[in-house]
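**Q** Build me a model from this:
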Amino acid sequence: MALGVLVATVLLLLANGYGFHRDELYFIVAGRHPDWGYVDQPALTPLYSAAMVELFGLQPLAVRILPAISTAVVIGLTAAIAREYGGGTRAQVLAAAFAAGSAILGLGHLDSTTTYDMLAWTLITFGVIRILRGADSREWLWVGVAAGIGLQNKNLVVMLGVGLFIGLLISRRWEIVRSGWLWAGVVLAGLIWLPNIVWQALNDWPQIGMSGVVSGRSGLADALLIIPFQLIMAGPLLFPVFLAGLWWLLRSPVARPWRTIGWAYLVALAITMIVRGQVYYATGLFPAIFAAAGVVADGWLARGHRRLRAGTLAVAGTLSAGLIAFIMLPLLPPAALAQTPFPDLYDGSAEQIGWHDFVQTVTDVVDELPAEQRARAVILTGNYGEAGALTLLGGDDLPPVYSGHNSFADWGPPSEERDVIVLVGHWTLDYWAFAIGSCEERARITNAAGIENEESVAHVWVCPKRPMPWFETWSRIAFYG
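**A** Numbers count the residues shown, from 1 in each chain. Take a look at the predicted model:
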């Protein structure tokens with residue numbers, strides 16, 4: 001657990017290194033519109049985000065406290081899982097170190113549904129591993145509670161459940177499949193998840209539509225890249241021990257009780273590739289595999305040449321953690337980051353830079369409007385990050401901010417008297433002329449660091465006379481993405 005505390009401390013010290021990520025801005029605004037769900041995720045992450053800002057102020061650190069704590073718990077649970085596998089103290093330390101040297105470190109920097117999803121998957125797999133070893137079947141109840149809360153954060157917990165169930169069948173753990181406590185845990189998870197399911201049903205299942213958009217953006221080549229990206233996320237130099245841990249779960253006679261976990265990972269990976277999901281979808285099982293890797297590495301060290309082998313592991317772990325940190329954490333000044341390939345490997349860092357420049361550019365355009373136009377103006381952005389930045393970081397005297405992107409669309413349309421549009425982002429003006437009329441470009445978005453991100457070389461236009469009522473155009477402006 002000491003290593004987890006150290007990692008959390010580092011994450012908190014770096015929390016204000018750049019700025020908010022676009023998703024964090026969106027979550028804060030969404031949490032100020034509390035509901036049982038949103039078009040792109042369930043309720044918990046937005047609620048956490050808004051609550052932490054209320055407690056600690058509008059700064060990145062506020063929304064990154066819980067992710068840092070979650071990451072510390074995940075690292076601690078990785079060591080605990082190694083203990084469940086029969087690993088001694090050294091195996092547990094190695095397991096925790098492997099987890100800290102992987103993308104788990106970088107994921108802990110941001111306030112993200114993925115960060116909390118990692119914690120949920122780890123808690124669930126820890127409970128399942130205990131039950132597979134022979135713990136009281138009534139522990140399925142707390143596993144069900146963890147799964148239900150996890151489902152109120154991200155629906156990917158369903159994929160973990162499918163993977164574990166298929167893993168049980170492949171491993172022929174019939175005594176567990178037949179256990180009434182297992183199914184009681186499933187029912188309990190469903191009851192906790194039920195409010196979001198009801199919300200989804202009442203709103204025409206928007207997350208199914210979102211899933212289709214995510215899948216539609218990926219082709220066969222993207223699906224095939226999921227495996228190499230999994231290995232990179234396991235650690236640029238640590239993936240051999242990751243693969244050794246997976247092999248141990250699947251093939252070692254000692255690991256026979258936990259075959260289900262190895263199969264669950266392969267099933268989750270296969271589902272991710274079939275649905276052409278995001279490369280991180282199956283990473284919630286990394287801690288269970290790193291725990292197995294700790295057991296394998298401990299045995300490897302015990303077989304001789306201990307200093308050489310320990311040095312090899314130390315160098316691989318240190319270099320992997322360093323590379324992950326430089327790619328995913330705010331270690332480099334923004335101008336220096338712009339000169340590296342890191343933003344191409346991981347755009348999460350680039351999306352934290354330039355928001356104050358962005359807001360200032362839009363504010364300058366608004367300030368130049370004649371008073372009569374400004375009184376009738378509305379800001380319409382191309383995505384939720386832009387809308388979130390202007391809502392939270394812009395001055396109180398800015399016109400109201402709207403976007404058609406994801407749940408922002410549900411908080412519109414603007415009032416009809418707002419017929420002057422300050423249009424922000426990347427828009428095809430000819431295509432949208434029916435809704436926004438003719439427009440004049442007033443500024444282009446840049447950032448002082450020269451970082452290329454979604455807002456770089458975006459535009460700010462003024463469209464002085466909207467030709468159609470908002471209620472007629474809003475459904476066409478609304479989109480998932």
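
**Q** so the residue lying closest to Leu107 once chain neighbours are set aside is in which element?
**A** Excluding the flanking residues, the one nearest Leu107 by C-beta to C-beta, 6 or more residues apart in numbering is Thr115, at 5.2 Å. (C-beta placed from N, C-alpha, C; glycine too.) Thr115 is part of helix 113-133, with elements assigned from DSSP states H and E.

**Q** helices or strands next to that helix in the packing?
**A** Counting contacts by 3 or more C-beta pairs under 8 Å, 6 or more residues apart in numbering; DSSP states H and E, helix 113-133 is packed against helix 44-56, helix 60-84, helix 103-107, helix 140-151, helix 157-170, helix 259-274, helix 286-302.

**Q** Go again with 6 Å.
**A** Packed against helix 113-133 by the contact rule (3 or more C-beta pairs under 6 Å, 6 or more residues apart in numbering; DSSP states H and E) you find helix 60-84, helix 140-151.

**Q** What residues of that helix count as buried?
**A** By neighbour count with 16 or more other C-beta atoms under 10 Å, helix 113-133 contains the buried residues 113-132.

**Q** re earlier: how about the helices and strands packed on helix 113-133 in JSON lines, adding mean pLDDT, mean neighbour count and distance to Val157?
**A** Shown next, in JSON lines, are those (pLDDT from 0 to 100; neighbours: other C-beta atoms under 10 Å; distance: least, C-beta to C-beta, whole Å):
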{"stretch": "helix 60-84", "mean pLDDT": "98", "mean neighbour count": "23", "distance to Val157": "15"}
{"stretch": "helix 140-151", "mean pLDDT": "98", "mean neighbour count": "22", "distance to Val157": "4"}
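
**Q** quick one, which of these is nearest to Leu249?
**A** Counting by C-beta to C-beta, Leu249 lies closest to helix 60-84 out of the helices and strands packed on helix 113-133; the figure is 11.1 Å.

**Q** next SSE after the closest one?
**A** Note on helix 60-84: by DSSP H and E, the next helix or strand toward the C-terminus is helix 89-100.

**Q** how about Gly284, what does it touch?
**A** The contact partners of Gly284, by C-beta atoms under 6 Å, 6 or more residues apart in numbering, come to Asp117, Met118, Trp121.

**Q** Closest to Ala201 out of these?
**A** Nearest to Ala201 among the contacts of Gly284, with distances taken as C-beta to C-beta, is Asp117, at 22.6 Å.

**Q** The closest one and Pro42: what is the separation?
**A** Asp117 is 11 Å from Pro42, where distance means C-beta to C-beta, to the nearest Å.

**Q** likewise Val177?
**A** 28 Å.

**Q** Any idea how many residues pack against the nearest residue to Ile166 once chain neighbours are set aside?
**A** Nearest non-adjacent residue to Ile166, counting by C-beta to C-beta, 6+ apart: Val267, 4.9 Å away. The tally of other residues near Val267 (other C-beta atoms under 10 Å) stands at 21.

**Q** Would you mind measuring from the closest residue to Glu24 other than its chain neighbours to Thr89?
**A** The shortest distance from Glu24 to any non-neighbouring residue, by C-beta to C-beta, 6+ apart, is to Asp111 (4.7 Å). The gap separating Asp111 from Thr89 is 33 Å, by C-beta to C-beta.

**Q** got it, and Leu164?
**A** 28 Å.

**Q** Tell me which of the two has more neighbours.
**A** Taking other C-beta under 10 Å, Leu164 and Thr89 do not tie; Leu164 has more neighbours (26 against 11).

**Q** Now distance to His426 too, for the helices and strands packed on helix 113-133, in CSV please.
**A** Converted to CSV, those look like this (distance: least, C-beta to C-beta, whole Å):
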stretch, distance to His426
helix 60-84, 25
helix 140-151, 34
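
**Q** Show the subsequent helix or strand relative to the helix or strand of the chain with the lowest mean pLDDT.
**A** When each helix and strand of the chain is scored by mean pLDDT, DSSP states H and E, helix 220-224 comes last, with a mean of 72. The helix or strand immediately downstream of helix 220-224 is helix 226-234, counting by DSSP H and E.

**Q** Show me the contact partners of that following helix.
**A** For helix 226-234, using C-beta under 6 Å, 6+ apart, the contacting residues are Ser102, Ala103, Phe239, Phe242, Thr272, Met273, Val279, Thr283.

**Q** cutoff 8 Å now
**A** Outside helix 226-234, the residues within contact range by C-beta atoms under 8 Å, 6 or more residues apart in numbering are 102-103, 239, 242-243, 269, 272-273, 277, 279-280, 282-283, 286, 289.

**Q** which of those residues sit farthest apart?
**A** Leu243 and Gly277 (21.4 Å).

**Q** between these two, which one's more packed in?
**A** Neighbours were counted for Leu243 and for Gly277 using other C-beta under 10 Å; Gly277 has more, 21 against 15.

**Q** so what's that one closest to, chain neighbours aside?
**A** Nearest to Gly277 is Val214, by C-beta to C-beta, 6+ apart, at 6.6 Å.

**Q** hey, where'd the strands end up in the stretch 301-450 of the chain?
**A** 377-381, 401-403, 420-425, 440-444 (DSSP state E, counting those that start in this stretch).

**Q** The helix or strand following the last one: how far from the chain's middle?
**A** Next helix or strand after strand 440-444 toward the C-terminus (DSSP H and E): strand 459-463. Distance, stretch centre to chain centre, for strand 459-463: 32 Å (C-alpha atoms, centre = their mean, to the nearest Å).

**Q** How about stretch 383-400?
**A** Using C-alpha atoms, centre = their mean, the distance between the centre of stretch 383-400 and that of its chain works out at 23 Å.

**Q** next one: stretch 131-144
**A** 28 Å.

**Q** first to last residue in it, what's the distance?
**A** 13 Å (C-alpha to C-alpha, to the nearest Å).

**Q** Pull the residues that contact that stretch.
**A** 84, 123-124, 127-128, 130, 173, 176, 179, 181-182, 184-189, 192, 257-258, 260-261.

**Q** which non-adjacent residue is nearest Ala244?
**A** Val296 (4.7 Å).

**Q** what about the one you found, how many residues close to it?
**A** Val296: 24 neighbours (other C-beta under 10 Å).

**Q** what does the one 10 residues further on give?
**A** Around Arg306 there are 11 other residues, counting by other C-beta under 10 Å.

**Q** separation between it and Trp247?
**A** In this view, Arg306 and Trp247 are 22 Å apart by C-beta to C-beta.

**Q** Could I get the contacting residues of the residue nearest to Gly277?
**A** Contacts of Val214 (C-beta under 8 Å, 6+ apart): Arg276, Gly277, Gln278.

**Q** Give the rounded mean pLDDT of the host helix or strand of it.
**A** Take DSSP H and E as the rule and Val214 turns out to sit in helix 206-216. The average pLDDT for helix 206-216 rounds to 78.

**Q** in it, what counts as buried?
**A** Pro206, Gln207, Met210, Ser211, Val214.

**Q** Separate out the buried members of the contacts of stretch 131-144.
**A** If we count by 16+ other C-beta under 10 Å, the contacts of stretch 131-144 have these buried: 84, 123-124, 127-128, 130, 173, 176, 179, 181-182, 185-186, 188-189, 192, 257-258, 260-261.
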